[in-house]
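> Sequence unavailable; structure follows:
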C-alpha cells in the first residue's frame, strides 16, 4: 500500500511486517475516525482545519516506520531480546495506528464535555480488547496475544523502554505527526519542525538498571536543536491554535451545552434527540461500546441542529448560537490582570455586569484558564549523550530548554455572550 | 478581518470595499459550505482531502483581491468608465466569494447523480437573487442592484471583459484557488504553480472593438511560463486526483445509488429517508430553495447510512458497500484498448462475465470515460503581448501549449464489483 | 558524516560502504569544485544562482544512496551476480560523486568557448585514472581496480544496465540533483518534481537478452506521473534558466572572448595573463592535467579583469563590458520569424545595421539558436510495466509524453551590442 | 525591473520611486558584492552557503518595499510631515539596498581579522559620500542631498523614528532578509519565520514626545507570535549556523593569519602578495577607498593561496591548512565546564598539552567564546498595542520573550590543531 499524504509525501506500508497497517485501516472502527475532525471546532478559527483523525492515524504509523528504521540501524549492539524484531515492529505500528481510536466527537472536547464518562484511552483499550470489534479480529488473526500487547504498548508499558516512549513520551509518534499535520492544515508555519533531523537525533541511552532495555536518548549537540525546535513548535501550536480564542469560546459553549443536557436528564427532564451513549454517560457514567462507536462529529452536529428547537430555553439558545456561529466573545487578561486574585475579581465584575443586563451569570459568563508546560522533563528523564559518552540533561546544555523547563504557559480569558461585550470591557477598564 | 490560510498564508479583508466579504461570510448560506467537501469522495483515495468549499470560497476572494491590485496598477491608461472602481471591486469580490454557493453535497457529484435537476450554477443564482436569503439581504443592504450584478458577473457577463474573465475564464480566481488548495490537501505537489508570477503576468490586451473594455492578456515571454505552468498543474491534477480510480469508482457508485432511488420513486415504490429535495428533483426535476439548502455532505451520508437497511436489495447493497468502503474496482484500458470500439468490446466482455457469475451486468459493471481538454483557446482567444506590442496566440509561441492545444485527455476504465475482479481480468487478457 | 543540504535536507554517509564519500570529499580535486559555479554566468540573471558543483556532487551521491536503497528493496528476485553488492554500491556512489569532476570554469561554458580542447568527460576520466591525483589514490587505496571501474561507470558502461542508466540516463542521479538544486537556487519553482515518488517509481524491467541484467523501468501508472513531472521540470528549467536571454548573451560574449584569444595566439600575437591551460589548448588542442586543474571561476574572472587592459581593442572591449556587466542585448524571434530562412534574413539585417553604425558585424552581432529535445526515448528504450506485467512505452500511455516525444524545443535570438538595440529593432519591424 | 528570488519569489521594482534600485544595482560598488559571500567561510560547514551579499542587498530592498506598503496603509492618521512620501521611500529603499556596501571579504570576518581598521559601517558611509563612486553619482543625480540622507538613515538617524528602526533595529529589513536567506541557503529550516505576518504585525506606536513621529510597534496579541517566531529563528540561526564549530574554527584560523601578517609587517618583515589595503590597514589603521574596494573573497582566497609558499613558517602552515581544508578542531565546553574559571583552566590544560607536543600554544590553541543576547529590549523599547489601546512590553505578555529577555547565549570552545585532538580530549577527561 502506497499513498500520498500532504504532510509526509509518499507513505508506504509494503513489507510483510507492515501488512497489519492496511488490514487495520479497513476496519469500521478506524474508518469511523474519518468522521472525527482532529481539531474539533478549530475550523471555526482556521478555515483549513478540517483534517480528520483518520489521516493522523496513518501519519503516526508512518512516523513509526521511520523511527523503527532508525532504531534498527543502531540496535546491533543490543542483546537480541532487546532488538526491534518483526513481531515488535508489528506491535509498534499497530499501537501507532490505533492510539487514538477511542476519541469521541470533536476529539478531546467530548471527554471534557462529559467528564464523568470514560476517557478516550479507556475507549481505545475497550475497542482493541473487545472480541466483537473488527480491529480486535484483525489483530488477533495471526497472534491471539497481539490485542493485549498493543493495548499495553499504547498505555506506555513495554519491556522495551525505548518503544514505550516512542508510543507515549515527549517525542512520541503521535505528537510528531499531529504537530506537523495541524500546522499544515491551519497554515501556522511556526508549528513546523524538522522530522528527518529529529529522527536521526535519536539514539539509545544508557539503561537505568542492568539488563533493562535502554531508553531513547538524544545524539549530542546536533540532536539538541532538533528537540528544541520540536518543543517550540509545540509551544507555538498551543499559543496559536490549541489556545485560540475562537476555539476556546466555542468549546466552552459545547461544554455548557452538554452540562445542561446532563443536568436536565438528571433532573428527570426529557431532552430530545439525545444519543443513547450521551444519555447513559450522563446518567450512569458509562455506555456500551456499540453505543459509543455510533458517536462522531456528524452525529453531534445533528444533535446541536435538533436542539435549536429544544424545549429548554438555555439549550435552545446555545445550540442556535453554535449552529449559526454566533459565538461567545473573549477578553484576555494579561500579566498582572491574570494573577489568580485579579482574574477572579475580573470574573466577578463580568458576572455582575451580566446580572445587571439580565443574563444568568452562571450560564452566560465563564472564566477560561488554559495552561500547558511546554517542556517538562520530570517524568521522562531524557539525556543528551555526547561523543565522549558523557550524558547531560537537555535543560543543562540548551539555552532555550534551560529557560522554559518546568515553566507553565497560562492564558486567562473571560468568555461571555456577545451582547455583553461593551459593558464588560467598559467595566473592566475602570 | 485577517486570517491564516494554509494555501495563501495571510489573508486579509480590511479595506472599506472589502468589508462585504466578512459580512457575507456570516451568512448561513455560505456557512453551509463548511459541510460540503471540495472534492466529494476523493478523501477515500487521498486521506488529506477533507477541505471544504468554505475555505475555497475565502481563497477565491483572496485571489481576487490580488488580481484587482494588479489590474489597478495598470488601469491608468483606460478611460475612467473601464477602471476598477470600488463599486466594481465589491462586485468582483462578492462574485469570487459566492461563485460556488449553489453546490450540492459531494460537490459536482450531486448534479451528476441527479442529472434532471437544476445545475449548481442555477442554484447559485437563485440563492443570490432570492430576497429571502441572508446572502441576498447582505448584498442588497447598501445597493439594491448588487445581487443582480453579482449574479451576472458569476455567469461571466460584464461590460468589463477582463473582469468577466477573472470570474469565469481559463485563469479565473476559482481555478487559481482550487488547484492550489486541492494540491495542498492531497499532497500532489505537481499541482502547484506560481500564483505571484501568474498574477504579475496579466496585462490588458487590445480591445476587440472600439470603446469596448480590453480583455485580459499575457505579458510577454515572461508571462508565458506562468500560464504554461498553470495549464500543466491543472492537467496533473486531473490525471492524479480528479480522475483517480478510487474517486471515479466511488462516484460511479453514488450515481448508481441515486439513479436507483429515482427509478424506485418514479415506479411509485417508497424509499426510506429520502430528503425532500432529492424526492422532488427525482419526481419533478426541481425543488424549493429551502429544501435544497438542507442538503449537505452530512445529510447525504446520513441517507446512505439509512439505506443500508433499505427494502430494495440493490440500494441496500450499494449503500452498505459505500458505508463500509468496500468499493468497486477498476480496470484501466490503455492505448489501442481504449479506442471506441475496443472499449465497447471490453465492456461487453465484462458484462458477460458478470452475467455468468450471477450479477446483473447493468448494475454491477460500468464503463467510465473521463476526459478533459487541458488547453482550449477556442472560446477565450487569449493573446500574449510582446514588448514591441505585437500580439501572438499562446499556442504559437509556447512549445508546450502548441502541442497540447485542443487535445483531449481521456481515461477509460471498466468499473465492477470486487467479486468479479479476477474473472474480468482473466477474460480481458485472453 | 551527516550534513544539512538545502535541497535534500538531512544527507548522511554513515555506513561502511558509504565511507568512500567523505574520503573523496577531502581530495583537492573535489574541493576545486567549490570554486566552480554550477550555472556559470546564470547568476547575472538569477541573483541566487551562486551554488557550486561541489554541493551538486554531494547531492548526486545522496540521490544515489536513495536509489540504491530502492533497488535493493527489489533485487531479491535477481540472480546474485546482478544484485547491488557493497562493492557495486561503492562504485556507484563514487561515480555519482565524481561524475562532474572534469568541469572547467563556468561549467559547460568553458568547453563551448574552447571547442578544440578535450571535453569535460575526458578530464573527469583523466583525473580518476591519473595515479598522481588524490582522487585516484583514495579510490585505489583498498581496491586497485576501482578507479577504472568508476571511470567506466561514469561513461555509462556496466554489466548492470540499470546501474549504468542510474549514472547516465534519462533519469540519472546527476539530473535528479541538478534540476532540484538549480530550481532551489534560482527560485524557479516550476523546476521542482517529486524525488521521493520518482525513486519509488523505479522497478526492474525485463532484460533484453537472456542472462543480461534487467534495465530500469517504470512501475505502472503510478510511476508515470513522476516521470512526466520530471520531464516537464527539466523542460521548464531549460526555458526559464538554461536558455535565459541574459545567460545566453553573456555566455556568447565569453565565447567570443576566448575565440579572440585563440585567434590572437594562433596569429602569434601575445596576450597578457593567459593561463597555461588556455594557451596550450588554444595552440595545441590539449593541456596537462596539472595546468587544467589550476583553472576555476576565480582564475577566469581574474583573466577577464586583466584583459580590460589588453592591447587588443576587441578583447579589451568585451572584457570591460563583461566585468562591468554591460551585457549584450537579445531580440527573440518567434514562430514564423524563427524559421531557418527567416532567421538568417533577420541576422543579415542586423549585421547590415551594425555595419552601417560602424560596428564589425562578425564581432558585435550573433545569431543564437538553443535547442533541446525534452523527451527522447530513442536511445534509452524505457518501458512502463503494469500490474498485469504488460509493458508499454511511456509515450503510448502518457498524454503529455505522447505529445512531446522527440519534439525539439528551439529558441532563436539575435545577440548584439546594446548601442545597436533601437536600430536593429526598428530595422526588423519594417 | 522584475526578477525571481529564491527567498521572496517575485521581486519587482517597477514604480517611479523604486527606479533608484535598478539604477544603483548597476554600480560597480554594488556589483562588487557579487564577489562577497554572505556567510564568509560557512560554506565549509554548509555546502549550500555560497550566496552573496549582492542577493541579500536586493532582498533587503524588497522587504523595504513591503514594509513601506504596510506603513502607508496606516499613515493616514499621521500629520503630513510624518508620512512616507515618495522622497522618503527613495531614501529608505536606497538605505536598505546599500546598508552592507562596505563589507570586506568574508563579510564580518575581515573586520574581526583586522580590528584596527575602520568598521564596515564606516566604509559604507565613505562609499556613499565619496563623489568619486558610481553609487554617489547615481544617488546625487536628481537630488544632491540624497547621499547624505541615505548615510544618516543607515546609521539609524531619521526624524521618522519608525523609518530609522526599519533600517536599523530589532526587526529591520536587513535581519528580515538575511535570516530567511541564510536559512534557505543552508537548509536550516528552523531559521524561517513568517515574513508576511511579521510585516502585517507592525503598526505605529505612541510617540515618545509631542510632535515626534511615532515608533514602530506591534499590533496586539496577533503580532506577538510573529515577533516571537522572528526572535527564535534568529536564535536558531546563531546556534546552528553563525556559531557552527566549523565556521568558528576556520574563522579563527583566518584571524590568526591576518594577525600574523600584521605582526610581520609591523616587525618590518616583508610578506608576499599583500594587497595594499591590508598592508595599509595593518601599518596605519586605514586605507584608501580605492584600495579597499579592490578587496573581495576572490582576492583574499588568492592571498591565502600565495601564502602557502610564504617565507614565514606559521603563515605558510595556516594558509596551507586553510586551502586544503585541513581545519582546526574544536572541543565544546558545556554547563559547569563553561564557567569563566573552568574554561580558563581547560584552556590552560590544552595549551600545556600543545607545549608538551611541541606546538606553540599561543598559535596552535585558542579559546573561542561566542555569545549573543537573542532578545534585548533595552535599546529599542518596543511595545505591543492592544485593541483597547493599552500598551505592554513584549516580555510582559509573551511566555517566551519573558524568559529569554536580556539572557545571554554563550558557546565556549577550545580550538586547536587536529594533531592535538586526542591528547587534549584525554587531558580534559581526566
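Okay, I see it. Please read these numbers as outputs of a predicted model, since none were measured by experiment.

> Straight-line length of stretch A:115-131, end to end?
27 Å (Cα to Cα, to the nearest Å).

> buried ones in that stretch?
Under the neighbour-count criterion of 16 or more other Cβ atoms under 10 Å in any protein chain shown, stretch A:115-131 has A:117, A:118, A:120, A:121, A:123, A:124, A:125, A:126, A:127, A:128, A:129 buried. The way it works is simple: take the backbone N, C-alpha and C, and place the C-beta from them, glycine included.

> For the third one, give me the pLDDT.
I take that to be residue A:120. pLDDT for residue A:120: 95.

> wait, what's in contact with it?
When contacts are counted by Cβ atoms under 8 Å, 6 or more residues apart in numbering or on different chains, residue A:120 is found next to A:100, A:102, A:103, A:104, A:108, A:110, A:111.

> hang on, the earlier thing: can you redo the buried residues of stretch A:115-131 as CSV, where the extra columns are distance to residue B:324 and secondary structure?
Converted to CSV, the buried residues of stretch A:115-131 look like this (distance: Cβ to Cβ, whole Å; DSSP: H, G, I helix; E, B strand; the rest coil):
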residue, distance to residue B:324, secondary structure
A:117, 27, coil
A:118, 26, coil
A:120, 24, helix
A:121, 27, helix
A:123, 21, helix
A:124, 21, helix
A:125, 24, helix
A:126, 21, helix
A:127, 17, helix
A:128, 20, helix
A:129, 23, helix
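
> among the contacts of residue A:120, which ones are buried?
Buried among these (16+ other Cβ under 10 Å): A:100, A:102, A:103, A:104, A:110, A:111.

> Quick one: residues contacting residue A:99.
Counting by Cβ under 8 Å, 6+ apart, the residues that residue A:99 touches are A:57, A:60, A:124, A:154, A:167, A:168, A:174.

> how far away is it from chain B?
Counting by Cβ to the nearest Cβ, to the nearest Å, the gap from residue A:99 to chain B is 17 Å.

> now residue A:35
8 Å.

> picking up where we left off before, okay, the buried ones among the contacts of residue A:120 in TSV with pLDDT next?
TSV is the format used below for these (pLDDT from 0 to 100):
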residue	pLDDT
A:100	94
A:102	96
A:103	95
A:104	93
A:110	89
A:111	88
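
> Make sure residue A:234 is actually in contact with residue A:376.
No: assessed by Cβ atoms under 8 Å, residue A:234 is found out of contact with residue A:376, at 11.5 Å.

> Check what contacts stretch A:47-54 and list those residues.
By Cβ under 8 Å, 6+ apart, the residues outside stretch A:47-54 that reach it are A:30-31, A:33-39, A:42-43, A:100, A:103, A:107, A:181-182, A:184-187, A:241, B:3, B:5-7, B:37, B:47-48, B:50-52, B:54-55, B:58.

> Please apply the same query to stretch A:265-279.
So stretch A:265-279 is contacted by A:114, A:258, A:261, A:264, A:282-283, A:287-288, A:291-292, A:294-295, A:299, A:302-303, A:306-307, A:309-312, A:315 (Cβ under 8 Å, 6+ apart).

> Please read off the pLDDT at residue A:385 from the model.
Note on residue A:385: pLDDT of 93.

> Phi first, then psi, for it.
phi -110, psi 120 (degrees, to the nearest 10).

> so does the helix or strand containing residue A:235 get close to chain C?
For residue A:235, the host element (DSSP states H and E) is helix A:220-237. Yes: against chain C, helix A:220-237 shows contacts by Cβ under 8 Å from any Cβ of the partner chain at residue A:222.

> State the pLDDT value of residue A:77.
The model reports residue A:77 with a pLDDT of 80.

> Not counting sequence-adjacent ones, nearest residue to it?
Setting aside the residues directly before and after it, residue A:77 is nearest to residue A:204 in space (Cβ to Cβ, 6 or more residues apart in numbering or on different chains), at 7.8 Å.

> can you check residue A:417 too?
Once flanking residues are discounted, residue A:417 sits nearest to residue A:364: 4.5 Å by Cβ to Cβ, 6+ apart.

> Isn't that neighbour up against residue A:420?
Yes: in terms of Cβ under 8 Å, residue A:364 counts as a neighbour of residue A:420; the distance is 7.1 Å.

> Overlap of the contact sets of those two?
residue A:354.

> mind checking the backbone torsions on the residue nearest to residue A:417?
Dihedral angles for residue A:364 - degrees, to the nearest 10 - are phi -100, psi 0.

> Pull the contacting residues for it.
A:354, A:416, A:417, A:420.

> Surely the first one forms part of a helix?
Yes: applying DSSP: H, G, I helix; E, B strand; the rest coil, one finds residue A:354 inside a helix.

> Spit out the contact partners of it.
By Cβ under 8 Å, 6+ apart, the contact set of residue A:354 is A:360, A:361, A:364, A:365, A:416, A:417, A:420, A:424.

> Then residue A:352?
A:361, A:427.

> What pLDDT is listed against it?
Looking at residue A:352, its pLDDT is 97.
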